[in-house]
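> kindly generate the corresponding structure for this input.
(4 chains)
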There are 2 protein chains.
Amino acid sequence: MVCCGLATTPVTPEDAERLAPMFKALGDPVRLRMTSMIASVPELCVCEITPAFDLSSATISHHLKTLREAGIVDSERRGTYVYYWIQPDAIAALAALLRVE
Amino acid sequence: MVCCGLATTPVTPEDAERLAPMFKALGDPVRLRMTSMIASVPELCVCEITPAFDLSSATISHHLKTLREAGIVDSERRGTYVYYWIQPDAIAALAALLRVE
DNA sequence: TGCCTATCTTGACAGATATCGAAACAGTGC
DNA sequence: GCACTGTTTCGATATCTGTCAAGATAGGCA
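So this is what the prediction gives:
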C-alpha cells in the first residue's frame, strides 16, 4: 500500500535534514495561517498580516523570519512597507513528498 | 499567482489548530524518516525502525507516540511485536493544502 | 539639513515545550 | 520463574513562543 511520495521516494537522512525544517515552519498555527494569507495573493504587506493576529508586531516579525529562513517565503522592503511572497518551489518540494500517487 | 491549496482554501484559525500539529509532527528529521519508512510498506515493526537510528528505543518510542498523537500513523501490538502503519487520510489532508493547482 | 513619525526588525529575557536517555514498568512467550 | 520487546516516567538540557525595549530604515516637513 503505497500512499505518497514519502513511500516511493525514501527520505534519506540528508533529505530529512533539509525538508524537516520546512515542515516545522508550517507546524505552528500562526505560521500556517500566515503562509496561507501570503500564498493567496501575489505579495502581502506586513501591515496587512499583523492585524489578522492578536499578537505584537515583534512576534509577527519573528514568525515571518522563521518562514523566511525555512525558504517558505521571501521578502523585500519597498519604501515604508515590507512585502512578503510565497516561494512556490518550497511548497512544491513538500507537496511532492505528500502527493498521493 | 495562486500556488497551492493553501491559497485557494484559506486556512481558518480552527483549521490551523488542527493541521499545524500534523506538520509539526513531520517537522523533525527523525520523525520524517520514520514516516517515510512506515509509508513505504503495509506495516512496519518497531524492531525494524529502531536499528535505523542512532537513538535509544525509548526515544524512538517517544517519536512514534508523537506521530500517533498527530494522527499520522497508527499502531497495534500483535504478540511480541508492535506494528505501525501510515494513516493515508492524514497525509492526504496535508497534501491537499500543498498541492499545486 | 535636521527632526519627527511610522513601519518593521532585532536583542534580551521569562515561561512553556521539546528532545533525549536511564530506569522502571507492562505485555508476551517460553 | 526468565528473557525479550516496547512503553512510560522522570529528570536534564535545549529549543520555542511571546513581550518589551531598542535599533534600523524610510518618508514628511520645517
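
> for chain A, what spans make up the helices?
Here chain A has its helices, by DSSP state H, at A:5-8, A:13-26, A:29-39, A:46-49, A:57-69, A:88-98.

> can you redo those helices as a markdown table with distance to B:Arg18 and mean neighbour count?
Backbone N, C-alpha and C define where each C-beta goes, glycine included. Converted to a markdown table, the helices of chain A look like this (distance: least, Cβ to Cβ, whole Å; neighbours: other Cβ atoms under 10 Å in any protein chain shown):
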| stretch | distance to B:Arg18 | mean neighbour count |
| --- | --- | --- |
| helix A:5-8 | 20 | 21 |
| helix A:13-26 | 13 | 19 |
| helix A:29-39 | 9 | 24 |
| helix A:46-49 | 21 | 16 |
| helix A:57-69 | 19 | 16 |
| helix A:88-98 | 16 | 20 |
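
> nearest to B:Glu17, out of these?
Across the helices of chain A, B:Glu17 has its closest neighbour in helix A:29-39 (5.1 Å, Cβ to Cβ).

> quick one: contacts of that closest one?
Helix A:29-39 has contacts (Cβ atoms under 8 Å, 6 or more residues apart in numbering or on different chains) with A:25-26, A:44, A:48-49, A:52-53, A:55, A:60, A:63-64, A:66-67, A:72-73, A:84-86, A:91, B:2-4, B:6-7, B:9-13, B:16-17, B:19-20, B:23.

> any part of stretch A:18-35 near DNA strand D?
Yes. Stretch A:18-35 reaches DNA strand D (Cβ under 7 Å from any atom of the strand) through A:Lys24, A:Gly27, A:Asp28, A:Val30.

> skipping its backbone neighbours, what lies nearest the second one in space?
The shortest distance from A:Gly27 to any non-neighbouring residue, by Cβ to Cβ, 6 or more residues apart in numbering or on different chains, is to B:Lys24 (2.9 Å).

> export stretch A:83-91 as CSV, just CAs?
Extracted in CSV, the C-alpha atoms of stretch A:83-91 (Å, rounded to 0.1, in the frame of the first residue of the first chain):
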residue,chain,number,x,y,z
TYR,A,83,6.2,42.8,1.4
TYR,A,84,6.3,39.0,1.6
TRP,A,85,5.5,36.5,-1.1
ILE,A,86,5.4,32.7,-1.3
GLN,A,87,8.3,30.6,-2.6
PRO,A,88,6.3,28.1,-4.8
ASP,A,89,9.3,25.8,-5.2
ALA,A,90,9.4,25.2,-1.4
ILE,A,91,5.7,24.3,-1.3
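
> can you redo the helices of chain A as JSON lines with mean pLDDT and distance to A:Arg77?
As requested, the helices of chain A are exported to JSON lines (pLDDT from 0 to 100; distance: least, Cβ to Cβ, whole Å):
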{"stretch": "helix A:5-8", "mean pLDDT": "70", "distance to A:Arg77": "36"}
{"stretch": "helix A:13-26", "mean pLDDT": "96", "distance to A:Arg77": "21"}
{"stretch": "helix A:29-39", "mean pLDDT": "97", "distance to A:Arg77": "16"}
{"stretch": "helix A:46-49", "mean pLDDT": "98", "distance to A:Arg77": "10"}
{"stretch": "helix A:57-69", "mean pLDDT": "98", "distance to A:Arg77": "12"}
{"stretch": "helix A:88-98", "mean pLDDT": "95", "distance to A:Arg77": "21"}
